[in-house]
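Novice: have a look at this prediction, sequence included:
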Amino acid sequence: MNQKKWDLTNKVPKKFIDKFPEYSPITLQLLYNRGLQDEEEIDKFLNPDYEKDLYNPFLMSDMDKSVSRIKKAIDKKEKIVIFGDYDVDGVTSVAVLYKTLKFLKAKHLDYYIPDRNKEGYGLNKKAILEITKKKTGLMITVDCGITNIEEITLANKKKTDVIVCDHHLVPAKLPWAYAILNPKQKKDRYPFKDLAGVGVTFKLTQGLLQTEDNKNETFLKWMMDLVGLGTIADMVPLVDENRIFAKYSLIVLKKTKNLGIRALMAKAKINPLNLETEVVNFQIAPRLNAAGRMDHAYSSLKLLITSSYTEAEKIAENLNALNNQRQKLIEQIIKEAREEIGVFDKQRKILILSNKDWPITVLGLVAGKLSDEINRPVILIEKGGKESKGSGRSIENFNITDALKNCKKILIKFGGHKGAAGFSLKTKDLELLDKNLCRIADKKIKEKDLVPKISIESEIILSDIAWNFYEELEKFKPFGADNPEPIFLLKNVEIIEAKTVGKDDKHLKLHFKHEEKTIKAIGFSLGDLHKDIKLNKKVDLICSIEVNYWNGAKDLELKIYDLK
């Protein structure tokens, strides 16, 4: 009945328990699993504090230089252009800096976001020529720019200074920019390296507004809704400063003054009081991303900076419609891809599919869903006449960008990180790419890597699950990368009720008992397991603990991930 590997974390050492007697065993286990070793780290994690725990922005290399140059541009009424990426991190970065510069009374301010399909990621020479011909004195890149040597050199020749504000991996050779803000640079003294693009942008705004003026501080705090949206959506580790951004953004979002966010949540029927990182990732971020994937990211940006609720409602409605189109398109491509997977060689360790009717703008999302389903790296390609574009998603033990690096001789360009990558190549080289990547995957991927794994935080018993237990888990929110929602192992629980629910009986509804304790549970997309279940039999299961709200009442229930 079970095909997934259950990976139970090592039990917390007694030495660690003895060191922190003030915490419960389950809290200590979760802290230990997250590598938190001393009192200061633990306190900072459990009690993130906006006032105390944010670092001085001027610890970041080139911050002084950047702040001085921007203030000079404002004072001299130079034209300033913000150049950003088209995803949520990029769009929120542009919005944060745009609002800040408006707040600082910048007179000649504009922005530029490339067309995802026509221009692709990052700076391009055509865009630079368009920006510089408008006599732009200063261009600030956000969430991009660190690799754009030729484009920034062109901007310099056209007498436009460039400040790069980025968070991506730093290449061996840097562009010749006026200033570069990126905590990942060698010898950068900034203590936290894993900021999202919007996080680096926020540090710049902190630098620009760092005075004793309470008005400035209030402005920065209300900006947390945008900073948190971009941080959560970009899947950066939700630890250290990112944890502060995520936590306080959820607080600010519940009473946000941002008209666009309010309109979008209303259109998506999101109750601000129930906001969690999951809601941001699966309801808000996809709608903001839909503009860049299906049309142009300018719609999302305008939503986030508008001062008209009427305009915000119209844009939100459009984004909702685009998101519905995106979902239908993804469903269609997944259906077509699954049909091809059905006739593929089962021995293949990497799946590579191409189709002329698959738009590159959504292929990363589809590749991610398929990779999760078949637990293999998946690359999907929009097959063009002379040139084709691809997007890939990978499994834990296979670095997909490194694999593409080994094929760089046949690629026009590529980029990404360990788990996700994008590239373009000549269509005539598709077969050669397939052959090379299969060879690399055969060498790098072991059979055990192809078995899906679920990481389990701790074993518990049913009687542990009570409101005080849930309140301890609440201290670990907000959940995200490097701080996942805890999953637990329960052994020998008796099934006293079982049924399928939902469209096509897709989900599994169960009722468990152990000794005197009973609890209800839901297993999403586990309806197929119903045929193997026998009442009054005992099973082992892995689950998280959730709150179920129904008819004004609330109860704890289990969310099941797997059964044995």
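Specialist: Here it is on my side, so go on. Residues are numbered from 1 along each chain as shown.

Novice: any idea how far Ile232 is from Leu195?
Specialist: Computed as C-beta to C-beta, to the nearest Å, the Leu195 to Ile232 distance reads 13 Å. C-beta here means a position set from N, CA and C on the backbone, and glycine is covered the same way.

Novice: those two - which one has more neighbours?
Specialist: Between Leu195 and Ile232, counting by other C-beta atoms under 10 Å, Ile232 is the more crowded of the two (31 against 27).

Novice: number of residues surrounding the closest residue to that one other than its chain neighbours?
Specialist: The spatially closest residue to Ile232, leaving aside those adjacent along the chain, is Val280, at 4.6 Å (C-beta to C-beta, 6 or more residues apart in numbering). Val280 has 26 neighbouring residues, counting by other C-beta under 10 Å.

Novice: so Val280 belongs to a strand, correct?
Specialist: No. Checked against DSSP: H, G, I helix; E, B strand; the rest coil, Val280 lies outside a strand; its state is helix.

Novice: so who does it touch?
Specialist: Contacts for Val280 were tallied using C-beta atoms under 8 Å, 6 or more residues apart in numbering; they are Gly228, Leu229, Ile232, Ala233.

Novice: which one of those is nearest Lys491?
Specialist: Ile232 (33.9 Å; C-beta to C-beta).

Novice: wait, that closest one sits on Lys247?
Specialist: No. Here Ile232 does not reach Lys247: they are 10.4 Å apart, not a contact under C-beta atoms under 8 Å.

Novice: overlap in contacts, those two.
Specialist: Pro478.

Novice: count of residues packed around the residue lying closest to Val162 once chain neighbours are set aside?
Specialist: Distances taken as C-beta to C-beta, 6+ apart put Ala177 closest to Val162, at 4.6 Å, once the chain neighbours are dropped. Neighbour count for Ala177, taken as other C-beta under 10 Å: 25.

Novice: quick check: phi and psi on Ala177?
Specialist: With angles defined as degrees, to the nearest 10, Ala177 sits at phi -90, psi 160.

Novice: and Ile456, by the same measure?
Specialist: Main-chain dihedrals, Ile456, degrees, to the nearest 10: phi -110, psi 130.

Novice: for it, what are its contacts?
Specialist: For Ile456, the contact set (C-beta under 8 Å, 6+ apart) comprises Trp6, Asp7, Leu8, Thr9, Ile487, Phe488, Leu489, Ile542.

Novice: neighbours around the last one, how many?
Specialist: A total of 25 residues lie near Ile542 under the criterion other C-beta under 10 Å.

Novice: swap in the fourth one?
Specialist: By other C-beta under 10 Å, 16 other residues sit near Thr9.

Novice: tell me how far Ile454 lies from Asp7.
Specialist: Counting by C-beta to C-beta, the gap from Ile454 to Asp7 is 7 Å.

Novice: looking at those two, which is more packed in?
Specialist: Of the pair Ile454 and Asp7, Ile454 is the one with more neighbours under other C-beta under 10 Å, namely 15 against 11.

Novice: run the chain-centre distance for the strand or helix carrying the more buried one.
Specialist: Element membership for Ile454 (DSSP states H and E) is strand 453-456. Computed by C-alpha atoms, centre = their mean, to the nearest Å, the chain-centroid distance of strand 453-456 equals 20 Å.

Novice: farthest-apart pair in the contacts of Ile456, please.
Specialist: Using C-beta to C-beta, the contacts of Ile456 reach their maximum pairwise distance at Asp7 and Phe488, which is 13.0 Å.

Novice: number of nearby residues for Glu457?
Specialist: Residues near Glu457, counting by other C-beta under 10 Å: 23.

Novice: let me see the ranges of the helices in the stretch 51-200 of the chain.
Specialist: 63-75, 88-103, 125-132, 149-157, 197-209 (DSSP state H, counting those that start in this stretch).

Novice: in the last one, what counts as buried?
Specialist: Of the residues in helix 197-209, those buried under the neighbour-count criterion (16 or more other C-beta atoms under 10 Å) are 197-209.

Novice: and of those, the nearest to Lys446?
Specialist: Using C-beta to C-beta, Gly197 is the member of these that lies nearest Lys446, at 34.6 Å.

Novice: no further queries at this time; thank you.
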